[in-house]
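[1] fold the stuff below for me.
(chains A, B, C and D)
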Number of protein chains: 2
Amino acid sequence: MAERGVAGGSRVTRADVARYAGVSTAVVSYVVNGGPRPVAAATHRRVREALEALNYRPNLSARALKMGSSATIGLIIADSLNPFFAEFTIAIARAAEARGHRLLIADSRSSRDTEGELVEDLLARQVDGLLFGTSTLGLDPMAGLRLYGVPSVLIDSAGPVPGRTTIGPAATEGAATLVRHLAQVHGRTRIALVLGAGGGFGDPDPRTWGWQTALAELGLPRGPIVSTRWSREGGYAAGLELLKRDPLPDAVFACSDLMAVGLLRALHEAGVSIPGDVAVVSFDGTAESEFSWPPLTVVRQPIQAMAQAAVDLVDTPEPTPAHHEFPMELIVRAPCGCPPIT
Amino acid sequence: MAERGVAGGSRVTRADVARYAGVSTAVVSYVVNGGPRPVAAATHRRVREALEALNYRPNLSARALKMGSSATIGLIIADSLNPFFAEFTIAIARAAEARGHRLLIADSRSSRDTEGELVEDLLARQVDGLLFGTSTLGLDPMAGLRLYGVPSVLIDSAGPVPGRTTIGPAATEGAATLVRHLAQVHGRTRIALVLGAGGGFGDPDPRTWGWQTALAELGLPRGPIVSTRWSREGGYAAGLELLKRDPLPDAVFACSDLMAVGLLRALHEAGVSIPGDVAVVSFDGTAESEFSWPPLTVVRQPIQAMAQAAVDLVDTPEPTPAHHEFPMELIVRAPCGCPPIT
DNA sequence: CTGTTAGCGCTTTCAC
DNA sequence: GTGAAAGCGCTAACAG
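    Numbers count the residues shown, from 1 in each chain, chains lettered A, B, ... in the order given. Below you'll find the model as predicted:
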């Protein structure tokens, strides 16, 4: 009896359990799922024993077929090596698990698949919801219609998108906070901006907007702007670019931790003192920013809260189109002994 | 006609396509799957048109139920925030996609689920294979039996495990290479070791072994050993610990990039010159190690090759129990102008 | 409270 | 070359 399902390919099915317990398959279902009909205590116990004895495991493919749902949420992301997205992904996976879902992750760079193909694949797998970390298709106003009624949420949105449910950090304010910190606490006056080209995050990028409005408020001129790739290498290249300026900016706001880290390397190699000659701050606040040298002062994205919201929203049958904005937190890191003031 | 499946919950099924094309469902199947029976050219065309017109998408849950396979590989990983595992995961996802599989990722830290529960869940989802990045269950000699015939591979193994198919870097040799580099190229004589406690990677850890055998070969004494957590924070703590030693070691071998990065921070804060006073090298070779300051000389894990092998092996019906070892590559990074010699 | 049963959408054997 | 039909394992009416 216990022979079946111990090793060979043939798994134990609900019918085996029913036979073993001397009940019908329906009752097994009621016990396994805790419903929808009540089961007598004695029967219940017998079924549990059978489940145990046979080491029964439900076949989720069959369940998904029957229910039209797979207890799975799809996440489409542009670059899962970016620590921000990596951390975000983990947080989402945790939140999803807490609701009994598993995450199916599709990295749109990992193949020549268009994002559209990834969506098709995920939908074919009966995902119950779709989270878009990228914007191409997410921003397509028609996209909602093509999802066959599966709820979807854009999880890294710079602002509202007509007809879509979106989540994003208060990026403009976050950027402005950093610029004010540089000016008011550290007295910097030539504040440069390093941002990624072909922004993944709105056009014009809200971080640019925050930078320039804060400068305007402060009565400071706009420092140089360098547009580069959204990567450590891009940040490094931007650093080389900035080093050509005379005078050097006395501070740089990098629009992502990754670029800031690359920038630091370029400045170090040139023998520039940080933050003595040039202060560097960045946007994201991943673990990597804390362990760079010097540690970066950042505005941190509220990853936990955004992840929770993403899962809550996508778990809603018909999420209301609306933008959900999350405030960012200034994290001052002061290895140089500069005053840890906000 | 085209109304169905445009938005509402009801998807287009094979029956709809068959009706539209005026054929049987079997023929639709033959066309969609390119077999197993031939289809007349004209019919073929008619079916393709129907597929197109109705925007048909196969239901992979149904397919998985019928076939007992889901075109999915499960990956169980201990810490997907570790850049090494993050990079490895991406590489595996790519290799899997190239073979028509998608990756289902389960982070064993992401909840109190035991690794065993994750396995059960993945198996219930009909995964075609299981990749273990962690070792607890993977090393269990009984584990193979509990997987119901699903192929499994340990992807981060320090060495052979009886009865299991395993993959891993040539860690002992990699560690020894780094130590030799420190001694022979840079003339270091007091080489410390920083390793993670409760190693994820064999006990005793092969890196320890490589470190001490290389020192023995070189006729050098063993420097201090600090055991810490496998994290940036752990590396930082180890750094503080090492700073208490007098004399300071003149080099440190950190068993992971992550710990090395933490260590660097501690040394920087103490005003130690790197690599002037203390050289730091590490094991992994992730992107983060390249952009630390100073950039780390490392031995790099051959992630691409290991990922490819992992997918190839797990895609084999009954993988032969054997260990597959991959040589590591020394990457010398010399920001200080020290000779870039191997 | 429990059993019977009709499918979910797909693949494939077996007839034609 | 094509169609009819039998399930894969599960859920949830519905009938007892």
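[2] give me the residue from the stretch 151-300 of chain A nearest DNA strand C.
    residue A:151 (18.7 Å; Cβ to the nearest atom of the strand). Glycine gets a C-beta too; all of them are placed from N, C-alpha and C.
[3] residue contacts, that residue?
    A:128-130, A:165, A:313-319 (Cβ atoms under 8 Å, 6 or more residues apart in numbering or on different chains).
[4] and what about residue A:280, helix, strand or coil?
    Here residue A:280 is recorded as strand under DSSP: H, G, I helix; E, B strand; the rest coil.
[5] what do you get for the one 3 residues further on?
    Under the three-state scheme (three-state DSSP), residue A:283 adopts strand.
[6] surely it and residue A:259 touch.
    No: the pair residue A:283 and residue A:259 fails to qualify as a contact (Cβ atoms under 8 Å) at a distance of 9.1 Å.
[7] show me the contacts of residue A:151 that map onto strands.
    Among the contacts of residue A:151, DSSP state E puts A:129-130, A:165 in strands.
[8] could I get those as TSV with distance to DNA strand C?
    Formatted as TSV, those follow (distance: Cβ to the nearest atom of the strand, whole Å):
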residue	distance to DNA strand C
A:129	19
A:130	19
A:165	26
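[9] who does the nearest residue to the residue of the stretch 151-300 of chain A closest to DNA strand C once chain neighbours are set aside bridge with?
    In space, and not counting its chain neighbours, residue A:151 is closest to residue A:129: 4.7 Å by Cβ to Cβ, 6 or more residues apart in numbering or on different chains. According to DSSP bridges, the partner residues bridging residue A:129 are residue A:73.
[10] can you count the residues close to residue A:129?
    25 (other Cβ atoms under 10 Å in any protein chain shown).
[11] what do you get for residue A:290?
    Residue A:290 - counted by other Cβ under 10 Å - has 20 other residues nearby.
[12] for the residue nearest to it when sequence neighbours are not counted, which three-state class applies?
    With sequence-adjacent residues excluded and distances taken as Cβ to Cβ, 6+ apart, residue A:290 is closest to residue A:333, at 7.0 Å. The local conformation at residue A:333, judged by three-state DSSP, is coil.
[13] how many residues are close by residue A:333?
    Residues lying near residue A:333 (other Cβ under 10 Å) number 16.
[14] need the contact list for it.
    Per Cβ under 8 Å, 6+ apart, neighbours of residue A:333: A:290, A:294-298.
[15] out of those, which is most surrounded?
    residue A:296 (29 neighbours).
[16] show me the shaky parts of the stretch 1-150 of chain A.
    A:1-10, A:110-113, A:135-146 (pLDDT under 70).
[17] up against DNA strand C, what does it have?
    A:22-27, A:30, A:37-40, A:42-44, A:62, A:65-66, A:68 (Cβ under 7 Å from any atom of the strand).
[18] quick one: distance of stretch A:103-121 to the chain centre.
    Mean-position distance between stretch A:103-121 and its chain equals 15 Å (Cα atoms, centre = their mean, to the nearest Å).
[19] distance across that stretch, terminal residue to terminal residue?
    14 Å (Cα to Cα, to the nearest Å).
[20] who touches it?
    A:72-80, A:89, A:92-93, A:96, A:122, A:125, A:127, A:130, A:134, A:136-137, A:146-147, B:57, B:90, B:93-94, B:97-98, B:102-105.
[21] may I see the PyMOL selection of the buried members of the residues you listed?
    Of these, the buried ones go into a single PyMOL selection, burial set by 16 or more other Cβ atoms under 10 Å in any protein chain shown:
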select buried, (chain A and resi 72+73+74+75+76+77+78+79+80+89+92+93+96+122+125+127+130+134+137+146+147) or (chain B and resi 57+90+93+94+97+102+103+104+105)
